[in-house]
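Colleague: Build the 3D model from these lines:
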Amino acid sequence: MRRFSIIFIFVTGSSLANTFVFTKNNNVLSLSPGVEIAEFSINGSHSNTSSLCSIGGMAESVRAGEGQRNRWIYSDSSSACVAVISELKDGTVNVMTRSCENHCGVSAVGSLDGKYVLK
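Modeller: Here you go, the predicted structure:
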C-alpha cells in the first residue's frame, strides 16, 4: 500500500506540475500538455463587457507547423466548436476558434482568439 501511495503521489504531482498559465487581456488559458493530448481551459471576455466565454477539455496533438513547437486541436462533440491551440517557438500560445458561439455570451464571441503570453 505504501508503494502504491508513493507512485500515486508521483504521478498526480507530476501532472499538476506541468500546467502552464497564459494570459491575454481579460483571458486566461491553462494548458497541461501531454504526449498525445493536452488538457486545457480558456476563460475570458472582451475588455469592456460582462459576457464570458469558456471552453475546455482534451485536445489532440497534431503535427506542428512552421514556427510552432506544438499544436493541438479540440473538437467539441456536442457542438461544431473547434479550437486550434499552437505553442509557438517564442514561448507564446496562439488560439484560433471556429463555431464556438455556444460557449460564449453574445458580447464575448471571438474573445478567445489571439496570442497568449506566459504568466
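
Colleague: CA atoms for contacts and neighbours, from now on please.
Modeller: OK.

Colleague: which ones are touching the closest residue to Asn26 other than its chain neighbours?
Modeller: Nearest non-adjacent residue to Asn26, counting by CA to CA, 6 or more residues apart in numbering: Gly44, 5.5 Å away. Gly44 makes contact with Asn26, Asn27, Val28, Leu52, Cys53, Ser54, Ala108, Ser111, Leu112, according to CA atoms under 8 Å, 6 or more residues apart in numbering.

Colleague: These, buried ones only, as a PyMOL selection?
Modeller: The following PyMOL line selects those of the contacts of Gly44 that are buried, judged by 16 or more other CA atoms under 10 Å:
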select buried, resi 27+28+52+53+54+108+111+112
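
Colleague: Strands of the protein, start to end?
Modeller: 20-24, 27-33, 37-44, 53-62, 68-75, 82-88, 93-98, 114-118 (DSSP state E).

Colleague: Residues in contact with the fifth one: which ones?
Modeller: What that stands for is strand 68-75. For strand 68-75, the external contacting residues (CA under 8 Å, 6+ apart) are 37-38, 57-65, 81-89.
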